[in-house]
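Peer 1: what's the 3D shape of this:
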Amino acid sequence: MKKNFRIIIGGVVCLLVISIFITFAYFKKDSSEEESEIRINLSKESIDYNNKAVKKIIKRIKKEDSSFNKKEYKLLYNNVNEEEGFGYIFLKYYINNKIATSKEYLISVNNNIVDNIELIGVPEKESSKVNENSICNRVEKFEKEKKKESLYNELQKLYGKNSQLSISNILTKDNKINLEVINPKIKKYNEKYYYDYNENKLSYQVELFRDLGTYGNAPLVGDGEAIEVIID
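Peer 2: Below is the predicted model:
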């Protein structure tokens, strides 16, 4: 009877040891997968939020910042050197999907392996102290009350007096810049609202692009002038 009892005890101990070993092996595997290198080819893969490597990057960011929400960030990338697998991925933070900011995650890729993930453009823990509703309200007020006049004044500084240009026609009905009345050489523009966390500065910025003629039958557009208006 004692012999049978010892056999039962021995069997139970063996099962416990095996169970512990399996559990340890599982967590060890899970941990190694979590900390393993992230491989990504910027020249051959679709770099978006559905990319497996990008998902792993987001997972690592969330370990440091649980409030991270990919819907608030725009993903861009720059494939600097295709042969060496060197480049960068940028996750740029936008307030209310409208106001660009200096806050972004910079992901360095070397030899098609992510070698660094860094938060830049914002003093540590300062972004949480910013009143984003106040920033949105300032932008809304600027658009309603000051955008036309500010644009008119800045364009007058750049191109001088223009009989076609007036405060009343400087914007189209959908609040876009009316290129037809600015300068015949300006064919394209980019505009944005931008908040700089480091300087605590909100601004309205416009890039104007000049007509450089054509190459064959393709139109060429190059850099022109830039406008920056500080929003109070």
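
Peer 1: hey, where'd the strands end up in this protein?
Peer 2: 73-81, 86-95, 99-110, 113-120, 186-196, 201-215, 218-230 (DSSP state E).

Peer 1: Describe which strands the second one pairs with in its sheet and in which direction.
Peer 2: Applying DSSP bridges, strand 86-95 is found paired with strand 73-81 (antiparallel), strand 99-110 (antiparallel).

Peer 1: What is the burial count for the nearest residue to residue 121 once chain neighbours are set aside?
Peer 2: The spatial neighbour of residue 121 that comes closest, neighbours along the chain excluded (Cβ to Cβ, 6 or more residues apart in numbering), is residue 102 at 3.6 Å. Just so you know, the C-beta spots here come from the backbone N, C-alpha and C atoms, and that holds for glycine as well. Residue 102 has 17 neighbouring residues, counting by other Cβ atoms under 10 Å.

Peer 1: quick one: contacts for residue 102?
Peer 2: Counting by Cβ atoms under 8 Å, 6 or more residues apart in numbering, residue 102 makes contact with 121, 122, 194, 195, 196, 197, 198.

Peer 1: if we go to 7 Å?
Peer 2: 121, 122, 196, 197, 198 (Cβ atoms under 7 Å, 6 or more residues apart in numbering).

Peer 1: what's the most distant pair in the residues you listed?
Peer 2: Farthest pair in these (Cβ to Cβ) is 122 and 196. Separation: 9.2 Å.

Peer 1: pLDDT score for the residue nearest the centre of the chain?
Peer 2: Using Cα atoms, centre = their mean, the residue of the chain that lies closest to the mean C-alpha position is residue 92, 1.7 Å off. With respect to pLDDT, residue 92 has a value of 97.

Peer 1: returning to that earlier point: generate a ChimeraX selection restricted to the buried entries among the contacts of residue 102.
Peer 2: Buried residues within those, by 16 or more other Cβ atoms under 10 Å, are selected in ChimeraX with:
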select :121,122,197
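
Peer 1: Can you give the domain ranges for this structure?
Peer 2: 52-129, 132-230 (automatic domain parsing).
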